[in-house]
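In: quick one: sequence and predicted model below, then my questions.
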Amino acid sequence: MTQTLTLRRPDDWHLHLRDENMLRAVLPHTTAHFARAIIMPNLVPPVVRGADAAAYRDRIMAALPEGADFTPLMTLYLTEDTDPDDVAAAHASGLITAVKLYPAGATTNSASGVTDFDKVAPVLERMAEIGLPLCTHGEVTDPAVDIFDREAVFIERVMDPIRKRHQGLKVVMEHITTADAADYVSSARENLGATITTHHLVINRNHILAGGIKPHYYCLPVAKREAHRLALRKAATSGDARFFLGTDSAPHTDANKLLPCGCAGCFTAPNTMSILAEVFEQDGALDKLEGFASLNGPAFYGLPANSQTMTLTRTPATYPDHIDTPEGPVTVFDPMMPLNWSAALD
Ligand SMILES: NC(=O)N[C@@H](CC(=O)O)C(=O)O
Ligand SMILES: [Zn+2]
Ligand SMILES: [Zn+2]
(Lines give C-alpha, C1' and ligand atoms only; values in the text may rest on other atoms or scores of the structure.)
(Ligands and ions follow the chains in the order given, each with its own letter.)
Protein backbone atom coordinates (compact mmCIF):
# COMPACT_ATOMS: atom_id res chain seq x y z
CA MET A 1 0.00 0.00 0.00
CA THR A 2 1.31 3.43 -0.94
CA GLN A 3 2.37 5.30 2.19
CA THR A 4 3.56 8.61 0.79
CA LEU A 5 2.90 10.53 -2.36
CA THR A 6 4.93 13.53 -3.48
CA LEU A 7 3.49 15.94 -5.99
CA ARG A 8 4.21 19.37 -7.37
CA ARG A 9 2.75 21.98 -5.06
CA PRO A 10 -0.94 22.43 -6.02
CA ASP A 11 -2.77 25.59 -7.12
CA ASP A 12 -6.41 26.54 -6.65
CA TRP A 13 -8.03 27.74 -9.89
CA HIS A 14 -11.18 29.13 -8.21
CA LEU A 15 -11.04 30.69 -4.75
CA HIS A 16 -12.96 33.21 -2.65
CA LEU A 17 -10.78 35.12 -0.19
CA ARG A 18 -13.27 37.93 0.61
CA ASP A 19 -11.74 41.02 2.23
CA GLU A 20 -10.53 42.60 5.49
CA ASN A 21 -11.15 40.44 8.60
CA MET A 22 -12.41 37.44 6.65
CA LEU A 23 -9.49 37.66 4.22
CA ARG A 24 -6.99 37.63 7.09
CA ALA A 25 -8.76 34.67 8.73
CA VAL A 26 -9.06 32.42 5.67
CA LEU A 27 -5.91 33.24 3.68
CA PRO A 28 -3.47 31.15 5.82
CA HIS A 29 -5.57 28.04 5.14
CA THR A 30 -4.94 28.45 1.42
CA THR A 31 -1.30 29.54 1.57
CA ALA A 32 -0.43 26.54 3.77
CA HIS A 33 -0.90 24.32 0.71
CA PHE A 34 -1.48 26.25 -2.50
CA ALA A 35 1.14 28.28 -4.37
CA ARG A 36 -1.29 30.26 -6.52
CA ALA A 37 -5.02 30.81 -6.74
CA ILE A 38 -7.42 32.44 -9.14
CA ILE A 39 -9.04 35.04 -6.91
CA MET A 40 -12.75 35.54 -7.44
CA PRO A 41 -13.81 39.18 -7.86
CA ASN A 42 -17.30 39.00 -6.30
CA LEU A 43 -16.62 41.43 -3.48
CA VAL A 44 -19.10 44.13 -2.50
CA PRO A 45 -18.59 46.27 -4.57
CA PRO A 46 -17.09 43.91 -7.16
CA VAL A 47 -13.57 44.06 -8.60
CA VAL A 48 -14.47 45.58 -11.97
CA ARG A 49 -11.60 47.75 -13.17
CA GLY A 50 -7.89 47.12 -13.32
CA ALA A 51 -7.38 49.63 -10.53
CA ASP A 52 -9.78 47.65 -8.30
CA ALA A 53 -7.80 44.45 -8.94
CA ALA A 54 -4.49 46.19 -8.16
CA ALA A 55 -5.86 47.48 -4.85
CA TYR A 56 -7.34 44.08 -3.95
CA ARG A 57 -4.06 42.34 -4.79
CA ASP A 58 -2.26 44.76 -2.46
CA ARG A 59 -4.71 43.95 0.35
CA ILE A 60 -4.15 40.22 -0.18
CA MET A 61 -0.36 40.63 -0.17
CA ALA A 62 -0.59 42.69 3.02
CA ALA A 63 -2.64 39.91 4.66
CA LEU A 64 -0.18 37.10 3.83
CA PRO A 65 1.11 35.16 6.83
CA GLU A 66 4.78 35.75 7.48
CA GLY A 67 7.01 33.72 5.20
CA ALA A 68 4.15 32.56 2.99
CA ASP A 69 5.03 32.01 -0.65
CA PHE A 70 1.79 32.69 -2.50
CA THR A 71 0.76 34.45 -5.71
CA PRO A 72 -2.82 35.66 -6.09
CA LEU A 73 -3.91 35.49 -9.73
CA MET A 74 -6.35 38.35 -10.06
CA THR A 75 -9.57 38.47 -12.09
CA LEU A 76 -11.97 41.18 -13.17
CA TYR A 77 -15.71 40.93 -12.74
CA LEU A 78 -17.35 41.33 -16.15
CA THR A 79 -20.19 43.86 -16.33
CA GLU A 80 -22.15 45.22 -19.26
CA ASP A 81 -20.11 48.44 -18.90
CA THR A 82 -16.66 46.80 -18.78
CA ASP A 83 -14.21 48.74 -20.93
CA PRO A 84 -12.19 46.47 -23.29
CA ASP A 85 -9.21 48.86 -23.11
CA ASP A 86 -9.11 48.69 -19.32
CA VAL A 87 -9.20 44.88 -19.46
CA ALA A 88 -6.45 44.77 -22.11
CA ALA A 89 -4.26 47.15 -20.10
CA ALA A 90 -4.70 45.06 -16.92
CA HIS A 91 -3.73 41.96 -18.88
CA ALA A 92 -0.75 43.59 -20.61
CA SER A 93 0.70 44.73 -17.28
CA GLY A 94 0.46 41.19 -15.90
CA LEU A 95 -2.07 42.26 -13.28
CA ILE A 96 -4.91 39.90 -14.25
CA THR A 97 -5.07 36.27 -15.31
CA ALA A 98 -8.75 35.98 -16.29
CA VAL A 99 -12.10 37.75 -16.49
CA LYS A 100 -15.10 36.30 -14.67
CA LEU A 101 -18.60 36.11 -16.11
CA TYR A 102 -21.48 35.97 -13.64
CA PRO A 103 -24.97 35.91 -15.11
CA ALA A 104 -26.75 38.64 -13.12
CA GLY A 105 -28.37 37.14 -10.04
CA ALA A 106 -26.89 33.64 -10.45
CA THR A 107 -24.95 33.48 -7.18
CA THR A 108 -23.43 35.35 -4.22
CA ASN A 109 -22.80 39.03 -5.07
CA SER A 110 -23.66 38.69 -8.75
CA ALA A 111 -26.11 41.59 -9.01
CA SER A 112 -23.70 43.54 -11.25
CA GLY A 113 -23.28 40.59 -13.62
CA VAL A 114 -24.41 40.21 -17.20
CA THR A 115 -28.01 40.08 -18.42
CA ASP A 116 -27.55 40.92 -22.12
CA PHE A 117 -24.67 38.81 -23.43
CA ASP A 118 -24.50 40.85 -26.67
CA LYS A 119 -23.34 43.83 -24.62
CA VAL A 120 -20.14 42.05 -23.58
CA ALA A 121 -19.26 40.82 -27.09
CA PRO A 122 -16.65 43.60 -27.66
CA VAL A 123 -14.82 42.66 -24.44
CA LEU A 124 -14.93 38.95 -25.28
CA GLU A 125 -13.62 39.70 -28.76
CA ARG A 126 -10.70 41.62 -27.33
CA MET A 127 -10.00 38.82 -24.82
CA ALA A 128 -9.90 36.28 -27.66
CA GLU A 129 -7.39 38.50 -29.50
CA ILE A 130 -5.05 38.92 -26.55
CA GLY A 131 -5.41 35.36 -25.20
CA LEU A 132 -7.08 36.28 -21.90
CA PRO A 133 -9.28 33.46 -20.54
CA LEU A 134 -12.93 33.83 -19.52
CA CYS A 135 -14.07 32.03 -16.37
CA THR A 136 -17.81 31.40 -16.15
CA HIS A 137 -20.37 30.76 -13.46
CA GLY A 138 -22.40 28.53 -15.75
CA GLU A 139 -26.02 28.80 -14.70
CA VAL A 140 -28.96 30.56 -16.33
CA THR A 141 -31.14 32.61 -14.00
CA ASP A 142 -34.41 32.26 -15.91
CA PRO A 143 -36.93 31.54 -13.14
CA ALA A 144 -38.72 29.17 -15.51
CA VAL A 145 -35.68 26.87 -15.50
CA ASP A 146 -35.49 24.39 -12.65
CA ILE A 147 -32.47 25.06 -10.43
CA PHE A 148 -31.13 21.54 -11.07
CA ASP A 149 -31.21 22.18 -14.85
CA ARG A 150 -29.61 25.62 -14.86
CA GLU A 151 -26.11 24.45 -15.75
CA ALA A 152 -27.21 22.25 -18.65
CA VAL A 153 -29.41 25.04 -20.03
CA PHE A 154 -26.53 27.54 -19.67
CA ILE A 155 -24.39 25.39 -21.95
CA GLU A 156 -27.04 25.43 -24.64
CA ARG A 157 -28.21 29.04 -24.33
CA VAL A 158 -25.02 30.89 -23.37
CA MET A 159 -21.81 28.86 -23.42
CA ASP A 160 -22.09 27.28 -26.82
CA PRO A 161 -23.22 30.49 -28.57
CA ILE A 162 -20.33 32.45 -26.95
CA ARG A 163 -17.79 29.83 -28.01
CA LYS A 164 -19.14 29.78 -31.57
CA ARG A 165 -19.12 33.58 -31.82
CA HIS A 166 -15.64 33.99 -30.28
CA GLN A 167 -13.74 31.04 -31.70
CA GLY A 168 -10.33 31.87 -30.23
CA LEU A 169 -11.62 32.64 -26.73
CA LYS A 170 -10.24 30.43 -23.96
CA VAL A 171 -13.03 29.49 -21.56
CA VAL A 172 -13.09 27.78 -18.18
CA MET A 173 -16.42 26.38 -17.07
CA GLU A 174 -16.09 26.84 -13.34
CA HIS A 175 -17.28 24.45 -10.64
CA ILE A 176 -19.06 22.05 -13.00
CA THR A 177 -21.74 19.89 -11.40
CA THR A 178 -23.25 17.81 -14.19
CA ALA A 179 -22.43 15.01 -16.61
CA ASP A 180 -23.69 17.42 -19.28
CA ALA A 181 -20.89 19.88 -18.50
CA ALA A 182 -18.24 17.16 -18.24
CA ASP A 183 -19.34 15.76 -21.62
CA TYR A 184 -19.42 19.22 -23.18
CA VAL A 185 -15.87 19.92 -22.04
CA SER A 186 -14.62 16.47 -23.09
CA SER A 187 -16.06 16.92 -26.55
CA ALA A 188 -14.42 20.30 -27.19
CA ARG A 189 -11.34 20.27 -29.36
CA GLU A 190 -9.57 23.28 -27.87
CA ASN A 191 -9.79 26.36 -25.67
CA LEU A 192 -12.16 24.81 -23.14
CA GLY A 193 -11.39 23.58 -19.65
CA ALA A 194 -13.33 23.05 -16.44
CA THR A 195 -12.68 23.35 -12.76
CA ILE A 196 -14.17 20.83 -10.36
CA THR A 197 -14.58 21.56 -6.66
CA THR A 198 -13.70 19.30 -3.77
CA HIS A 199 -17.22 19.20 -2.39
CA HIS A 200 -18.90 18.27 -5.69
CA LEU A 201 -16.75 15.12 -5.74
CA VAL A 202 -18.17 14.17 -2.34
CA ILE A 203 -21.80 15.27 -2.02
CA ASN A 204 -24.94 14.82 -4.06
CA ARG A 205 -28.25 16.58 -3.50
CA ASN A 206 -29.42 14.01 -0.95
CA HIS A 207 -26.71 15.25 1.38
CA ILE A 208 -28.32 18.68 1.33
CA LEU A 209 -31.96 17.66 1.53
CA ALA A 210 -32.53 14.15 2.89
CA GLY A 211 -33.08 13.68 6.62
CA GLY A 212 -33.25 17.42 7.34
CA ILE A 213 -31.84 20.42 5.53
CA LYS A 214 -28.04 20.82 5.75
CA PRO A 215 -27.14 24.42 4.99
CA HIS A 216 -23.40 23.71 5.15
CA TYR A 217 -23.76 21.55 2.03
CA TYR A 218 -25.63 24.25 0.14
CA CYS A 219 -23.53 25.90 -2.54
CA LEU A 220 -24.00 27.05 -6.09
CA PRO A 221 -24.27 25.48 -8.51
CA VAL A 222 -26.23 23.23 -6.18
CA ALA A 223 -25.06 19.60 -6.01
CA LYS A 224 -27.00 17.35 -8.39
CA ARG A 225 -28.10 13.69 -8.32
CA GLU A 226 -25.62 10.87 -7.72
CA ALA A 227 -25.11 10.03 -11.41
CA HIS A 228 -23.72 13.52 -11.91
CA ARG A 229 -21.37 13.27 -8.93
CA LEU A 230 -20.04 10.03 -10.39
CA ALA A 231 -19.51 11.72 -13.76
CA LEU A 232 -17.48 14.44 -12.03
CA ARG A 233 -15.39 11.83 -10.20
CA LYS A 234 -14.72 10.13 -13.51
CA ALA A 235 -13.67 13.39 -15.17
CA ALA A 236 -11.46 14.49 -12.26
CA THR A 237 -9.69 11.15 -11.89
CA SER A 238 -9.43 10.44 -15.63
CA GLY A 239 -6.13 12.21 -16.20
CA ASP A 240 -7.83 14.33 -18.92
CA ALA A 241 -5.89 17.62 -18.81
CA ARG A 242 -9.00 19.70 -19.44
CA PHE A 243 -10.20 19.10 -15.86
CA PHE A 244 -8.46 20.72 -12.90
CA LEU A 245 -8.97 21.72 -9.30
CA GLY A 246 -10.85 24.89 -8.40
CA THR A 247 -11.95 24.45 -4.80
CA ASP A 248 -14.50 27.29 -4.84
CA SER A 249 -13.72 27.49 -1.12
CA ALA A 250 -16.32 30.13 -0.23
CA PRO A 251 -16.37 31.17 3.42
CA HIS A 252 -19.57 32.49 4.98
CA THR A 253 -20.09 32.84 8.71
CA ASP A 254 -22.32 30.23 10.32
CA ALA A 255 -24.76 33.04 11.16
CA ASN A 256 -25.09 33.81 7.45
CA LYS A 257 -25.29 30.15 6.44
CA LEU A 258 -28.03 29.37 8.95
CA LEU A 259 -30.45 32.18 8.10
CA PRO A 260 -33.94 31.47 6.73
CA CYS A 261 -32.39 32.57 3.42
CA GLY A 262 -28.86 31.30 3.92
CA CYS A 263 -25.76 31.98 1.83
CA ALA A 264 -24.38 29.52 -0.73
CA GLY A 265 -20.83 28.24 -0.35
CA CYS A 266 -18.67 25.51 1.23
CA PHE A 267 -15.40 26.34 3.00
CA THR A 268 -12.94 23.66 1.93
CA ALA A 269 -9.52 25.35 2.00
CA PRO A 270 -8.27 23.61 5.18
CA ASN A 271 -8.99 19.99 4.21
CA THR A 272 -9.17 19.92 0.41
CA MET A 273 -5.89 18.11 -0.23
CA SER A 274 -6.70 15.37 2.31
CA ILE A 275 -10.18 14.93 0.85
CA LEU A 276 -8.84 14.74 -2.71
CA ALA A 277 -6.27 12.12 -1.73
CA GLU A 278 -9.09 10.04 -0.24
CA VAL A 279 -11.32 10.48 -3.31
CA PHE A 280 -8.56 9.65 -5.78
CA GLU A 281 -7.48 6.63 -3.75
CA GLN A 282 -11.07 5.33 -3.54
CA ASP A 283 -11.21 5.53 -7.32
CA GLY A 284 -7.84 3.82 -7.78
CA ALA A 285 -6.39 6.98 -9.27
CA LEU A 286 -3.86 8.35 -6.80
CA ASP A 287 -1.46 8.62 -9.71
CA LYS A 288 -3.82 11.13 -11.35
CA LEU A 289 -4.00 13.50 -8.38
CA GLU A 290 -0.93 15.50 -9.35
CA GLY A 291 -2.34 16.17 -12.81
CA PHE A 292 -5.66 17.36 -11.40
CA ALA A 293 -4.33 19.49 -8.55
CA SER A 294 -0.92 20.65 -9.80
CA LEU A 295 -0.33 20.24 -13.54
CA ASN A 296 -3.48 20.59 -15.65
CA GLY A 297 -4.41 24.06 -14.38
CA PRO A 298 -1.05 25.71 -15.11
CA ALA A 299 -0.96 23.99 -18.51
CA PHE A 300 -4.38 25.43 -19.40
CA TYR A 301 -3.40 28.92 -18.29
CA GLY A 302 0.01 28.70 -19.98
CA LEU A 303 1.92 28.95 -16.70
CA PRO A 304 4.75 26.74 -15.42
CA ALA A 305 3.96 24.09 -12.82
CA ASN A 306 5.31 24.92 -9.36
CA SER A 307 8.82 23.73 -8.61
CA GLN A 308 8.14 23.23 -4.91
CA THR A 309 6.59 19.90 -3.87
CA MET A 310 4.03 18.66 -1.35
CA THR A 311 4.02 15.26 0.29
CA LEU A 312 0.90 13.40 1.28
CA THR A 313 1.46 10.87 4.04
CA ARG A 314 -0.87 8.09 5.08
CA THR A 315 -1.54 9.57 8.52
CA PRO A 316 -5.01 10.53 9.73
CA ALA A 317 -5.58 14.18 8.87
CA THR A 318 -6.71 16.57 11.53
CA TYR A 319 -8.61 19.73 10.76
CA PRO A 320 -10.91 21.96 12.81
CA ASP A 321 -14.68 21.64 12.44
CA HIS A 322 -14.76 25.43 12.20
CA ILE A 323 -12.41 28.37 12.18
CA ASP A 324 -12.94 31.46 14.31
CA THR A 325 -12.98 34.79 12.53
CA PRO A 326 -13.70 38.29 13.87
CA GLU A 327 -17.00 38.04 11.96
CA GLY A 328 -17.92 34.77 13.70
CA PRO A 329 -17.23 31.06 13.20
CA VAL A 330 -16.97 29.57 9.69
CA THR A 331 -17.71 25.85 9.43
CA VAL A 332 -15.16 23.72 7.58
CA PHE A 333 -16.64 21.33 5.00
CA ASP A 334 -17.36 17.92 6.57
CA PRO A 335 -16.62 15.17 4.02
CA MET A 336 -18.43 12.57 6.20
CA MET A 337 -15.52 10.14 6.00
CA PRO A 338 -12.25 9.67 7.85
CA LEU A 339 -9.36 11.33 6.04
CA ASN A 340 -6.37 9.05 5.97
CA TRP A 341 -3.93 11.36 4.19
CA SER A 342 -2.17 14.37 5.67
CA ALA A 343 -0.63 16.99 3.42
CA ALA A 344 2.46 19.12 4.05
CA LEU A 345 4.78 21.18 1.90
CA ASP A 346 8.30 19.81 1.50
N1 LIG B 1 -20.15 28.78 -4.84
C2 LIG B 1 -20.95 29.36 -3.97
O3 LIG B 1 -21.90 28.73 -3.53
N4 LIG B 1 -20.74 30.62 -3.55
C5 LIG B 1 -19.74 31.54 -4.02
C6 LIG B 1 -20.09 32.14 -5.35
C7 LIG B 1 -19.90 31.22 -6.53
O8 LIG B 1 -18.80 30.72 -6.77
O9 LIG B 1 -20.87 30.99 -7.28
C10 LIG B 1 -19.58 32.66 -2.98
O11 LIG B 1 -19.02 33.71 -3.29
O12 LIG B 1 -20.00 32.45 -1.84
ZN1 LIG C 1 -19.90 30.50 -9.08
ZN1 LIG D 1 -16.99 30.49 -6.47
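Out: That came through fine. Numbers count the residues shown, from 1 in each chain. Ligands and ions are numbered 1, 2, ... in the order given.

In: neighbours around the closest residue in space to residue 314 that isn't next to it in sequence, how many?
Out: Beyond its immediate neighbours in the sequence, the residue positioned closest to residue 314 (Cβ to Cβ, 6 or more residues apart in numbering) is residue 3, lying 4.9 Å away. C-betas here are computed from N, CA, C, even on glycine. Other residues near residue 3 come to 8 when the count uses other Cβ atoms under 10 Å.

In: mind listing the helices for the stretch 201-346 of the chain?
Out: Taking DSSP state H, counting those that start in this stretch as the criterion, the stretch 201-346 of the chain carries its helices at 205-209, 226-237, 254-257, 272-282, 289-290, 296-301.

In: what's the closest of those helices to residue 187?
Out: With respect to residue 187, and counting by Cβ to Cβ, the nearest of the helices of the stretch 201-346 of the chain is helix 226-237 at 12.0 Å.

In: residue 150 versus residue 142, what's the distance?
Out: When Cβ to Cβ, to the nearest Å is applied, the distance between residue 142 and residue 150 equals 8 Å.

In: more crowded one of these two?
Out: A count of neighbours by other Cβ under 10 Å puts residue 150 above the other of residue 142 and residue 150, at 21 against 13.

In: SS state for the more buried one?
Out: Residue 150 falls in the helix class when you classify it by DSSP: H, G, I helix; E, B strand; the rest coil.

In: for it, what are its contacts?
Out: Neighbour list for residue 150: 106, 139-142, 221 [criterion: Cβ atoms under 8 Å, 6 or more residues apart in numbering].

In: tally of neighbours for residue 227?
Out: Each residue near residue 227 was counted by other Cβ under 10 Å, and the total is 10.

In: quick check: closest non-adjacent residue to residue 176.
Out: residue 194 (4.7 Å).

In: give me the buried positions along the helix or strand harbouring that neighbour.
Out: With elements delineated by DSSP states H and E, residue 194 resides in strand 192-196, which encompasses its position. Of the residues in strand 192-196, 192-196 count as buried by neighbour count, 16 or more other Cβ atoms under 10 Å.

In: what's the answer for stretch 198-214, then?
Out: By neighbour count, and taking 16+ other Cβ under 10 Å as the criterion, the buried residues in stretch 198-214 are 198-205, 207-208.

In: measure the residue nearest to residue 264 when sequence neighbours are not counted to ligand 2 for me?
Out: Sequence neighbours aside, residue 220 is the residue nearest to residue 264 in space, at 4.2 Å (criterion: Cβ to Cβ, 6+ apart). Counting by Cβ to the ion, to the nearest Å, the gap from residue 220 to ligand 2 is 6 Å.

In: picking that back up, and the contacts of residue 150 as TSV, adding secondary structure, pLDDT and distance to ligand 1?
Out: Putting the contacts of residue 150 into TSV (DSSP: H, G, I helix; E, B strand; the rest coil; pLDDT from 0 to 100; distance: Cβ to the nearest ligand atom, whole Å) gives the following:
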residue	secondary structure	pLDDT	distance to ligand 1
106	coil	87	7
139	coil	98	8
140	coil	96	14
141	coil	94	12
142	coil	95	17
221	coil	98	7
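
In: what's the PyMOL line that selects buried ones from the residues you listed?
Out: Burial among the contacts of residue 150 is assessed by 16+ other Cβ under 10 Å; the matching PyMOL selection reads:
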select buried, resi 106+139+140+141+221
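
In: show me the two of the contacts of residue 150 that sit farthest apart.
Out: Checked with Cβ to Cβ, the contacts of residue 150 reach their widest spread between 142 and 221, with 14.4 Å between them.

In: which single residue of the protein ends up nearest ligand 2?
Out: Evaluated by Cβ to the ion, the chain has residue 137 as its residue closest to ligand 2, separated by 3.6 Å.

In: and that residue, its phi and psi?
Out: phi -90, psi 110 (degrees, to the nearest 10).

In: neighbours of it, how many?
Out: Residues lying near residue 137 (other Cβ under 10 Å) number 24.

In: alright, calling it a day.
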